[in-house]
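Novice: Predicted model follows, preceded by the sequence.
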Amino acid sequence: MTPDELHTQVCAKPELIAATVAFRDGTPVVLRPLAAGDVQMLGDYFLSLTAETRRRYGPHPFDRKTAEQICSSVDLTDTLRMLAIIHGDGGERVIAYFILILGIRDDDALRYAQLGIPLDARTDCTLAPSVADEYQSKGLGSLVMRHLLDVARKLGRKRMVLWGGTQATNDRAIHFYHKHGFHTVGQFEEPPGFNNYDMILSL
Ligand SMILES: CC(C)(COP(=O)(O)OP(=O)(O)OC[C@H]1O[C@@H](n2cnc3c(N)ncnc32)[C@H](O)[C@@H]1OP(=O)(O)O)[C@@H](O)C(=O)NCCC(=O)NCCS
């Protein structure tokens, strides 16, 4: 099956890229693409994020209205939103949310072009990862990342870049990206006075 054929199948049957992984203590974590019915869980996740995580992670607002907008327009043609879900006493709960755009955003493309690294929206992809505060630094991000890298490769993606780069002061994220094979290729100020790194991974 070609990557394009797989992508067509995934759009019709998102569960094809679902998986169950486990924390070091054996607790299972379900990884699966966001579905329209996840609106309550996604909103709960957004509202749970602390100011510190929101300061580091800014692809969109984190409120119920945004969760509703996202869940009412699920379309895996362009964007996969991978959730990590645990089952607790209160039912299912989202504990990580990774956005993978199957393509390149305009402002990221522009910065990379200025670095002399032309990106290709047909074969490159863009990542924006987040983990619930109380689960950060416990290996969950790496569990999701390994799965998403595998998915991106199977869908024929050749390189992955970070949505809007990463803040130069975000030591954990920088360590995390290096651990998964990303290289720093440039830096830029956004907003003025705040340094960010552009990092890229060959898949
Ligand atoms: C960045 C993020 C997605 C990583 O997910 P995670 O579940 O915390 O990642 P992991 O636990 O798998 O790995 C974190 C690594 O950083 C290390 N780390 C933790 N704090 C660190 C710090 N202050 N400096 C350097 N490394 C640090 C951990 O030891 C671990 O490395 P190791 O596996 O080599 O021991 C998550 O922390 C997060 O959502 N952060 C807030 C939002 C954010 O910054 N998003 C990225 C925006 S670009």
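Specialist: Looks like it arrived, so ask away.
Novice: and the residue of the chain positioned farthest from its centre, what pLDDT?
Specialist: Relative to the centre of the chain, the most outlying C-alpha is that of Asp89, 26.9 Å out, by C-alpha atoms, centre = their mean. Note on Asp89: pLDDT of 82.
Novice: Next: the one 5 residues further on.
Specialist: At Val94 the predicted local distance difference test score is 98.
Novice: per-residue confidence at the spatially closest residue to it that is not a sequence neighbour?
Specialist: Distances taken as C-beta to C-beta, 6 or more residues apart in numbering put Tyr45 closest to Val94, at 4.0 Å, once the chain neighbours are dropped. For the C-beta atoms, the positions are set from N, CA and C on the backbone; glycine is no exception. Here, the pLDDT recorded for Tyr45 equals 98.
Novice: which residue ranges form the helices in the protein?
Specialist: Using DSSP state H, the helices assigned to the chain run over residues 3-12, 39-48, 51-56, 64-71, 106-114, 140-154, 171-179.
Novice: Now do Ile17: how many residues are near it, please.
Specialist: Ile17: 22 surrounding residues under other C-beta atoms under 10 Å.
Novice: these two touch, right, it and Pro33?
Specialist: Yes - contact criterion C-beta atoms under 8 Å: Ile17 and Pro33 qualify, at 6.3 Å.
Novice: what is in contact with these two at once?
Specialist: Contact criterion C-beta atoms under 8 Å, 6 or more residues apart in numbering; residues shared by Ile17 and Pro33: Val10, Leu80.
Novice: Against Thr169, how distant is Ser202?
Specialist: According to C-beta to C-beta, to the nearest Å, Ser202 stands 26 Å off from Thr169.
Novice: Counting neighbours, what do you get for the residue in the chain that the ligand sits nearest to?
Specialist: Nearest residue of the chain to the ligand (C-beta to the nearest ligand atom) works out as Gly141 at 2.1 Å. Number of residues near Gly141 (other C-beta under 10 Å) recorded here: 22.
Novice: Look at the closest residue to it other than its chain neighbours and say how many residues are nearby.
Specialist: Using C-beta to C-beta, 6+ apart and skipping the chain neighbours, the partner closest in space to Gly141 is Val131 (4.9 Å). The burial count assigned to Val131 is 25, neighbours taken as other C-beta under 10 Å.
Novice: surely Val131 meets Val94?
Specialist: No - assessed by C-beta under 8 Å, Val131 is found out of contact with Val94, at 10.3 Å.
Novice: Mind listing the shared neighbours of those two?
Specialist: Ala84.
Novice: which residues does Phe188 bridge with?
Specialist: Taking DSSP bridges, one obtains Asn196 as the residues bridged to Phe188.
Novice: give me the low-pLDDT residue ranges for the protein?
Specialist: Within the chain, not a single segment meets pLDDT under 70.
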